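Visitor: structure, please.
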Amino acid sequence: MISGFAAIPPVFQTNLPLAGRRQGKVRDLYQLAPDSDGRARLLVVATDRISAFDVVMPTPVGGKGALLTALSLGWFAFLRARGIVQDHVLQAGIGGVPELDALPPDMRASLTGRTMVCRAAKVIPIECVARGYLAGSGWNEYQASGTVCGIRLPSGLRQCEQLPEPIFTPAIKAETGHDENVTFDGAAALVGGETMERLRALTLAIYGQAAQHARDRGVLLADTKFEFGFALDPDGRTSAELLLVDEVLTPDSSRYWPADLYAAGRDQPSFDKQFLRNWLLELVAARKWNKEAPGPQLPSELVQQTLGRYLEALDRLGLEQVRRDTFRERVTRAQVAGRPAAPSLPSTGATIIDGRLLSNALRASTKARILASTCGVRLDAIMVGEDPASAVYAENQAKTCREVGIDYRLHRIAKGAGFEEIAGRILLLNRDDAVRAIMLHLPLPEGIETERMQSLIAPEKDVEGVNPANIGNVVYGRRSLVPCTALAALEMIESTGIVLRGARCVIVGASNIVGKPIAVLLMRAEATVLSTNKYTTNLAELTRGADVIVAAAGVPSLITKDMVKPGAVVIDVGINRVRDAGGKLTTVGDVDFSGVREVAGFLSPVPGGVGPMTVAMLLRNVVDATLR
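Guide: As a prediction, this is how the structure comes out:
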C-alpha cells in the first residue's frame, strides 16, 4: 500500500530558516545541531524536482519527493536487515527535532513524507555504479570499444543483455554538469586504492542483494549507483566510519525493467525516468533542445506518466509496506533504555496526523496510476431511495471521482424497492464484465438487511471491502479488497514511521468493518494486538501500555489523557454527534482530543482525520479492483 507521500501542491524547492542550506539536483540539505549522542546531523528534503542528462527540469513532479523517500527508506531498511553496510539515516520525518518544532504549519506540511534526518558525512567524490546489464552509456561505449569504463567484455553482446557477472564502474562525481566515467585505477588515484576496494566490494554486494529481491518480484535491476561518505564528528572532522548516503535504489538512480517484458537486443520498457529521457531525446533529435540548462517545460501528461512508472516500481518491489523506519527516534531510544519517554517529546504536544494532507497525496498517486494505465477506471454505485444525506454524499463522491479520473455511475433505485429488485441490480452488475468496482450507498430501506445485501456484491468488485469473503481474505492474508476505514487507520498509523513489528496495539471496538479488520492488519504487520471494547473492565490499564491505540467504540471522549502512554500513536475512528456547552450540535471522536494531545506522540483529529482518508482508500480500492 502506498502512503505518506508529499503534501500537495508540489514542492520545487525549500527555503527553511535553518543554517547551511545546500541544494542538489533533487534534494535540499540543511544543518541540524548534533543529536544527544554527539552525531553531526543534516535534514535531507527530497523535493519534486526531476533531472535528466544532469539538467534539472523546470517542471516539478508532484509526489515524487515523498515517493523517492519511501523507496529509499524501504531499501535502507532492507539493507540494514542484511547487515551489509551502515547508512546515514537517523529518522524519517521531522517529529521530535527541536529546530523544526517551531516551523509554521504550512512549512511543516510541505515537508510531510519527504524528509529524513541523517548523519552528516564527507561524501567521497565517486559515483559507485553497479551494472548487471549492458545499457545506457555502457552500451554506447561497448559498441565503440568493446569495454565499459575500461573493463573488457565478451564480444557479441547485445543491447540490454545481461552481463556474465555484475561489474563495478565508477564515475567522478561532478559538483555541476555531467559525471565522468573513470577506470578503477583512475578513481583509486583520486581517493586511494584501499577506499576504492571497499567501495567496489560494498557496491557489488548491495547490488547483488537488491537485484535478487527485485527479480523475485518480477523486476530487473539493470544498473544503479550509490554514494558513500565518511561520518563527521560534532566538530566537523572526518571519521573512519563509512556510510551509505543520499538516496538508494530509487528510479532516479537506477534502471528498473519489468521482467515479463524483457528481451535483449532492444530498449526496454522501464519503471524509471528513461521514459522522460526518451521524450527529451526526441526534442534533441528535432533540435528543440541541446541537453543544456534550462530544460524544457514538461507536459502534464508526461509528468503524470513518469510518476505512474515510479509508483509501479514501488508497488512491484513490495516496498509499499516499509514506512519511514524510525518512530520518534528519541522516544524510541528512551523507551529501549528504560528512561521516561515524556521529556523527549516536544513541548507543543502530539503531532497531528492530518488526514486531509495524507488523502490529498493518496488521491494524487491514484490519479497518476489512472493516467499511466491503458484502461478506463469506473465506479458503479447503487443508491436506494432519496435519503438527503446519501444524496449529498453521492454527489460529493461523484465530484471526487471525476477529480482523479474515475468514471462515476450512480444507479438509482426507487424508495419502495424490495430485496429482489435491489439484489437483481447487484447481480446484474456482477455479471457485467465492463463493471469492475461496485459499492452500495446506505442506508437501505427498512426491512432490508444491509449485511445480506453487501454479501451479494462479487468479492473482486466489492471496493468497500464489506463482503464477508473479503473480510475473511484479510484474516487469511490473501490478496483482497480491504474495508476502507480499516485501511485508512492503518495508513495513518504507518505514516507516523512507527515500527509495527513487536509494537503493542490496543483496538477499542470490534466492528466487522473497522475493529476486527484493523486488528488483523496489525497482526499481519507482526504487531502484538489486543482487542477490547467499551465494556472492558481494565481498559485504562491496557491502553496505558500501548504504543498504538485505535479508538472505534462509538463513545464520545472514551479515551482520556490518563489512558495514554507518552509518545503513543492514537487513531480516532469515532464519529459522534454531541451538543457543546452552547447547545450546538458538533462532531467529536472517541478521544478527548485536547487532553490526549498533551501526551500522545501522534494523534488523528475528528473531523479531518480518518474520514478523508477513508474516501481516499475507496478510490484506491476502485483502481486496484479495475487494474487487478
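
Visitor: for T224, see how far away the spatially closest residue to L249 that is not a sequence neighbour is.
Guide: Among residues not flanking L249 along the chain, W75 sits closest, at 4.3 Å (Cβ to Cβ, 6 or more residues apart in numbering). C-betas here are computed from N, CA, C, even on glycine. Computed as Cβ to Cβ, to the nearest Å, the W75 to T224 distance reads 10 Å.

Visitor: distance from stretch 537-556 to the middle of the chain?
Guide: Relative to its chain's centre, stretch 537-556 lies at 28 Å (Cα atoms, centre = their mean, to the nearest Å).

Visitor: now the end-to-end length of that stretch.
Guide: 18 Å (Cα to Cα, to the nearest Å).

Visitor: which of the residues in that stretch are buried?
Guide: Residues of stretch 537-556 classed as buried by neighbour count (16 or more other Cβ atoms under 10 Å): 539, 542-544, 546-556.

Visitor: repeat for stretch 296-309
Guide: L298, L302, V303, Q304, Q305, T306, L307, G308, R309.

Visitor: same check on stretch 376-392?
Guide: Buried, per 16+ other Cβ under 10 Å, within stretch 376-392: V377, R378, L379, D380, A381, I382, M383, V384, G385, D387, S390.

Visitor: got those residues as JSON lines, with secondary structure, pLDDT and distance to R287 columns?
Guide: Converted to JSON lines, the buried residues of stretch 376-392 look like this (DSSP: H, G, I helix; E, B strand; the rest coil; pLDDT from 0 to 100; distance: Cβ to Cβ, whole Å):
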{"residue": "V377", "secondary structure": "strand", "pLDDT": "93", "distance to R287": "39"}
{"residue": "R378", "secondary structure": "strand", "pLDDT": "95", "distance to R287": "43"}
{"residue": "L379", "secondary structure": "strand", "pLDDT": "96", "distance to R287": "45"}
{"residue": "D380", "secondary structure": "strand", "pLDDT": "97", "distance to R287": "49"}
{"residue": "A381", "secondary structure": "strand", "pLDDT": "95", "distance to R287": "51"}
{"residue": "I382", "secondary structure": "strand", "pLDDT": "95", "distance to R287": "56"}
{"residue": "M383", "secondary structure": "strand", "pLDDT": "94", "distance to R287": "56"}
{"residue": "V384", "secondary structure": "strand", "pLDDT": "93", "distance to R287": "62"}
{"residue": "G385", "secondary structure": "coil", "pLDDT": "87", "distance to R287": "63"}
{"residue": "D387", "secondary structure": "coil", "pLDDT": "78", "distance to R287": "62"}
{"residue": "S390", "secondary structure": "helix", "pLDDT": "80", "distance to R287": "58"}
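
Visitor: can you put these in a markdown table and add distance to A417?
Guide: Listed next are those as a markdown table, based on distance: Cβ to Cβ, whole Å:
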| residue | distance to A417 |
| --- | --- |
| V377 | 28 |
| R378 | 23 |
| L379 | 21 |
| D380 | 17 |
| A381 | 15 |
| I382 | 10 |
| M383 | 11 |
| V384 | 6 |
| G385 | 8 |
| D387 | 13 |
| S390 | 14 |
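
Visitor: nearest to W289 among the residues you listed?
Guide: Distance to W289, by Cβ to Cβ, is smallest for V377 among those, at 33.7 Å.

Visitor: skipping its backbone neighbours, what lies nearest that closest one in space?
Guide: T626 (4.6 Å).

Visitor: before we move on, what about P154?
Guide: P164 is the one closest to P154 (Cβ to Cβ, 6+ apart), at 6.7 Å.

Visitor: where does the one you found land in three-state SS?
Guide: strand (DSSP: H, G, I helix; E, B strand; the rest coil).

Visitor: neighbours of it, just the number please.
Guide: 9 (other Cβ atoms under 10 Å).

Visitor: now do the helix or strand where G132 lies, average pLDDT.
Guide: For G132, the host element (DSSP states H and E) is strand 126-133. When pLDDT is averaged over strand 126-133, the result is 96.

Visitor: so what strands line up beside it?
Guide: Using DSSP bridges, strand 126-133 pairs in its sheet with strand 162-168 (antiparallel), strand 171-172 (antiparallel), strand 219-232 (antiparallel).

Visitor: show me the contact partners of that strand.
Guide: Applying Cβ atoms under 8 Å, 6 or more residues apart in numbering, the contact partners of strand 126-133 are 138, 148, 160-163, 166-173, 179, 187, 190-191, 196, 199-200, 202-204, 206-207, 211, 220-228, 255.

Visitor: by contact count, what packs against the helix or strand following it?
Guide: Sequence-wise, the next helix or strand downstream of strand 126-133 (DSSP H and E) is helix 136-145. With contacts defined as 3 or more Cβ pairs under 8 Å, 6 or more residues apart in numbering; DSSP states H and E, helix 136-145 has these neighbours: strand 147-148.

Visitor: pull the distance from the strand it packs on to the chain's centre.
Guide: 37 Å.

Visitor: neighbouring strands of the helix or strand following it in the sheet, and parallel or not?
Guide: For strand 147-148, the succeeding helix or strand toward the C-terminus, using DSSP H and E, is strand 151-152. Paired neighbours of strand 151-152 in the sheet (DSSP bridges): strand 147-148 (antiparallel).

Visitor: contact partners of the partner strand?
Guide: Contacts for strand 147-148 (Cβ under 8 Å, 6+ apart): R131, L134, G138, E141, Y142, L153, I167, T169.

Visitor: and the helices in the stretch 251-400 of the chain, which stretches?
Guide: 274-285, 300-316, 329-337, 355-372, 388-404 (DSSP state H, counting those that start in this stretch).

Visitor: in terms of mean pLDDT, which of the ones you listed ranks lowest?
Guide: For these, where the average pLDDT is lowest is helix 329-337, sitting at a mean of 38.

Visitor: run a quick neighbour tally on the residue lying closest to I549 once chain neighbours are set aside.
Guide: Once flanking residues are discounted, I549 sits nearest to V570: 4.8 Å by Cβ to Cβ, 6+ apart. As a burial measure, V570 scores 29 neighbours (other Cβ under 10 Å).

Visitor: what about the stretch 151-300 of the chain, any weak spots by pLDDT?
Guide: 174-179 (pLDDT under 70).

Visitor: next one: phi and psi at G150?
Guide: phi 80, psi 0 (degrees, to the nearest 10).

Visitor: scratch that, L429
Guide: Per degrees, to the nearest 10, the backbone of L429 is at phi -70, psi -30.

Visitor: residues in contact with the closest residue to it other than its chain neighbours?
Guide: Excluding its sequence neighbours, the residue lying closest to L429 (Cβ to Cβ, 6+ apart) is V435, at 4.8 Å. By Cβ under 8 Å, 6+ apart, the residues touching V435 are R378, D380, L429, K461.

Visitor: reformat those as a markdown table; add distance to T115.
Guide: Conversion of the contacts of V435 to a markdown table gives the following (distance: Cβ to Cβ, whole Å):
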| residue | distance to T115 |
| --- | --- |
| R378 | 37 |
| D380 | 40 |
| L429 | 44 |
| K461 | 39 |
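
Visitor: so which of the buried residues of stretch 296-309 is the closest to P605?
Guide: For the buried residues of stretch 296-309, the nearest to P605 is L307 (28.7 Å; Cβ to Cβ).

Visitor: ok, E460 - contacts?
Guide: E460 neighbours (Cβ under 8 Å, 6+ apart): L481, A625, R628.

Visitor: so of those residues, which ones are in strands?
Guide: Among the contacts of E460, none falls in strands (DSSP state E).

Visitor: most neighbours among the residues you listed, which one is it?
Guide: Busiest of the contacts of E460 [other Cβ under 10 Å] is L481, holding 30 neighbours.

Visitor: mind checking how far the nearest residue to E180 once chain neighbours are set aside is from V56?
Guide: Of all residues not flanking E180 in the chain, I172 sits nearest, at 4.7 Å (Cβ to Cβ, 6+ apart). As judged by Cβ to Cβ, I172 and V56 stand 20 Å apart.
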